[in-house]
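Q: what follows is a predicted protein model with its sequence.
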Amino acid sequence: MSIYALLLAGWCLAQVVIGVWAARRVRTSADFFVAGRRLPASAIFATFLAANVGAGSTVGATGYAYNSGLAAWWWNGSAGIGTLVLAFWVGPKLWRVAQAHNLYTVGDYLAFRYDDRVRGLTALLIWLGSFSILSGQLIGGGVVLNAVFGWPLWLGGLVSILIATIYFSTGGLLGASWVNRAQVLVIVAGLATAALYGVNSAGGWDAVSAANTERLDIWRGATPDMGWPLLFLLAPSFFLSPGLVQRAFAARDAHHLRRGIALSGLALMIFAIVPVMLGMAARVSAPDLAKPETALPHLLTTGVPAWVGALALAAVFAAEISSADAVLFMLSTSGARDLYKKYVRPDASDASLLSAVRTIAVIAGVAGYVLTFVLGSVIGALKVFYSVMVISLLVPVLAAILFTQPSTRGALASVIVGISVLAGISALTGGAGYGWATPVFLASLASIAGYAVAGRTG
């Protein structure tokens, strides 16, 4: 067995063992949903960074850098900027309300500030959209396992979802927070080391720059939506995401929340240069790859020493699995709390809710895996999710924060109008929008207008 296969096999087993071990501490639904509201800043940092560095941040961003060079920084950099907004503004405000009224999910918050119609509509849209981001992580995991073991993508995706589902469905956020600590260490060490060795193997930064002379513009990339326009799509996603906001609810207090999330945002902005270095280095050694998303596994298996490649592939796989558990967390807790308990069994006991959320996690894992056969790329899958999430939550959440008495009618209108415009422009332009005016940007403006008009008349 090669060093790649041996190390990765051991790492797969380790993640499951850590998660199942931590699951012994899960006694109530509060432990599963919000880790008992007792996570310190260090745990918040680890669970946020692990959740945010996934298939898009590694495999996808490296492929972007392969095509667009420095402009690919904005994929992770925008996420870091959005995370800072969550740390210093959105997160503390929502945490105080959640703490005072024992709220578990973003749906709980929207029901508290509006009514159950807003909760139901946004939860359904996010729930459906979340399957695409889950499949994106599984595609990324399958790419890694294909590079290491030669497995077909369907088998790599299956192994990926089994690992994430086993440790998450048993331990919830409490168990995932322990696994995420180990994952962050592997991710940072593995990918940072690979980036340094990759650039060095390509002849140093001067040689990499010389081979990428057309890709040294950090503002704009190979396509109109690449570079700074990603800020419109990604920054709001990282201060609105139900999975991330709910992780913020798990903080011990507002101080630990701000410190842990802010550090993860800064780390994400620094990390953003790593896939850029990897993608540009891959362009030197393999200038004619048919699929840019294969740039990272290609570099790690051919362009760096074997031990570096093994460590980095374990890091990439950890990134995919940690983000997969973050999506399972979002799907299962929202499905159990916002849909199951509200509309199916309003009288469900705490034990029944805990059983339901675990069952939904397994069902969600199966559905996400099936969807990998429909969505063809990591970035394509993630863009579907981010677009739906931003338009569903941007106006309702911000209006709830900004206004003493936010309009329920305005919130509903903002979601309906925004999603309609998003779908229409995406269909008309093939998802490209009009230059920097992306479908998400235009749909956001329409969503704001919908709230303004309906809120005034309502």
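A: Structure received.
Q: contact partners for residue 444?
A: With contact taken as CB atoms under 8 Å, 6 or more residues apart in numbering, residue 444 is in contact with 232, 236, 390-391, 394-395, 418. The C-beta positions use only the backbone N, C-alpha and C, and glycine is treated the same way.
Q: buried ones among these?
A: 232, 236, 390-391, 394-395, 418 (16 or more other CB atoms under 10 Å).
Q: lowest pLDDT pick from those?
A: Across these, no position has a lower pLDDT than residue 232, which has 82.
Q: how far away is that one from residue 55?
A: Using CB to CB, to the nearest Å, residue 232 is found at 21 Å from residue 55.
Q: then residue 82?
A: Residue 82 is 18 Å from residue 55, by CB to CB.
Q: got it, and residue 397?
A: 25 Å.
Q: compare these two (neighbour count), which wins?
A: residue 55 (32 against 25; other CB atoms under 10 Å).
Q: please give the element, helix or strand, for the spatially closest residue to the more buried one that is not a sequence neighbour.
A: Using CB to CB, 6 or more residues apart in numbering and skipping the chain neighbours, the partner closest in space to residue 55 is residue 140 (2.8 Å). Element membership for residue 140 (DSSP states H and E) is helix 116-149.
Q: again, but for residue 314
A: helix 306-334.
Q: let me know the next secondary structure element after that helix.
A: Taking DSSP H and E, what comes next after helix 306-334 is helix 350-371.
Q: which helices and strands sit right next to that following helix?
A: Judged by 3 or more CB pairs under 8 Å, 6 or more residues apart in numbering; DSSP states H and E, helix 350-371 is in contact with helix 29-34, helix 116-149, helix 153-201, helix 306-334.
Q: weakest of these by average pLDDT?
A: helix 116-149 (a mean of 80).
Q: how far off centre is the host helix or strand of residue 399?
A: Per DSSP H and E: residue 399 is located in helix 378-402. Chain-centre distance of helix 378-402: 12 Å, with CA atoms, centre = their mean, to the nearest Å.
Q: what is the subsequent helix or strand relative to that helix?
A: Trace forward from helix 378-402 with DSSP H and E and the next one is helix 408-429.
Q: what's the angle from the helix or strand just after that following helix to helix 378-402?
A: Per DSSP H and E, the first helix or strand lying C-terminal to helix 408-429 is helix 439-457. Relative orientation of helix 439-457 and helix 378-402, computed by axes from the mean of the first three to the mean of the last three CA atoms, to 10 degrees: 20 degrees.
Q: for helix 439-457, give the mean pLDDT please.
A: The model assigns helix 439-457 a mean pLDDT of 89.
Q: now swap in stretch 102-114 and tell me
A: 93.
Q: buried set for that stretch?
A: 103-111, 113-114.
Q: stretch 87-102 now?
A: Here stretch 87-102 shows 87, 90-92, 94-95, 97-98 as buried, counting by 16+ other CB under 10 Å.
Q: ok, the most centrally placed residue in the chain - contacts?
A: Nearest to the mean C-alpha position of the chain, by CA atoms, centre = their mean, lies residue 52 at 4.8 Å. For residue 52, the contacting residues are 79, 83, 238, 244, 264, 268, 323, by CB under 8 Å, 6+ apart.
Q: ramachandran angles for residue 347?
A: phi -100, psi 10 (degrees, to the nearest 10).
Q: give me the neighbour count for it.
A: Residues near residue 347, counting by other CB under 10 Å: 6.
Q: number the chain from 429, please
A: Let's use 429 as the start, then, which means that last one is residue 775.
Q: report pLDDT for it.
A: 90.
Q: now swap in residue 470 and tell me
A: 94.
Q: which strand or helix spans it?
A: Assigned by DSSP H and E, residue 470 falls in helix 469-480.
Q: give the buried residues for that helix.
A: Buried residues in helix 469-480 (16+ other CB under 10 Å): 469, 471-480.
Q: closest to residue 627 among the residues you listed?
A: residue 477 (22.9 Å; CB to CB).
Q: where's the nearest residue to the closest one once chain neighbours are set aside, which helix or strand?
A: Leaving aside its sequence neighbours, residue 477 sits nearest to residue 692 (CB to CB, 6+ apart; 4.4 Å). Assigned by DSSP H and E, residue 692 belongs to helix 682-699.
Q: and the angle from that helix to helix 581-629?
A: 70 degrees.
Q: and the next helix or strand after helix 682-699, how far from the chain's centre?
A: Moving toward the C-terminus from helix 682-699, the next helix or strand (DSSP H and E) is helix 701-713. The gap between where helix 701-713 is centred and where its chain is centred comes out at 22 Å by CA atoms, centre = their mean.
Q: among the buried residues of stretch 515-530, which two are most distant?
A: Farthest pair in the buried residues of stretch 515-530, by CB to CB: 515 and 525, 16.7 Å.
Q: ok so, going back, in the helix holding residue 692, what counts as buried?
A: Neighbour-count burial for helix 682-699 [16+ other CB under 10 Å]: 684-693, 695-697, 699.
Q: again, but for stretch 823-839
A: Buried, per 16+ other CB under 10 Å, within stretch 823-839: 823-828, 834-839.
Q: tell me the one of those residues nearest residue 615?
A: Once CB to CB is applied, the member of the buried residues of stretch 823-839 that ends up nearest residue 615 is residue 825, at 28.7 Å.
Q: list the contacts for that closest one?
A: 518, 522, 534, 537-538, 668.
Q: switch to 6 Å and redo it
A: By CB atoms under 6 Å, 6 or more residues apart in numbering, residue 825 lies in contact with residue 668.
Q: then the one 4 residues further on?
A: Neighbouring residues of residue 829 by CB under 6 Å, 6+ apart: residue 521.
Q: again, only this time at 10 Å
A: 517-518, 521-522, 525, 537, 541 (CB atoms under 10 Å, 6 or more residues apart in numbering).
Q: any chance of CSV for the residues you listed, columns secondary structure and distance to residue 787?
A: CSV is the format used below for the contacts of residue 829 (DSSP: H, G, I helix; E, B strand; the rest coil; distance: CB to CB, whole Å):
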residue, secondary structure, distance to residue 787
517, helix, 36
518, helix, 31
521, helix, 33
522, helix, 27
525, helix, 29
537, helix, 24
541, helix, 29
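Q: show me the shaky parts of the stretch 779-886 of the chain.
A: Applying pLDDT under 70 to the stretch 779-886 of the chain flags the ranges 802-811, 885-886.
Q: that's a helix at residue 801, yeah?
A: No - counting by DSSP: H, G, I helix; E, B strand; the rest coil, residue 801 is not part of a helix but coil.
Q: that older thread, closest to residue 589 among the buried residues of stretch 823-839?
A: For the buried residues of stretch 823-839, the nearest to residue 589 is residue 825 (29.4 Å; CB to CB).
Q: coming back round to it: adding distance to residue 553, write the buried residues of stretch 823-839 out as TSV.
A: Below are these laid out as TSV (distance: CB to CB, whole Å):
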residue	distance to residue 553
823	13
824	11
825	13
826	17
827	17
828	17
834	18
835	19
836	17
837	18
838	17
839	13
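Q: nearest to residue 445, of those residues?
A: Of the buried residues of stretch 823-839, the one sitting nearest to residue 445 (CB to CB) turns out to be residue 825, at 37.3 Å.
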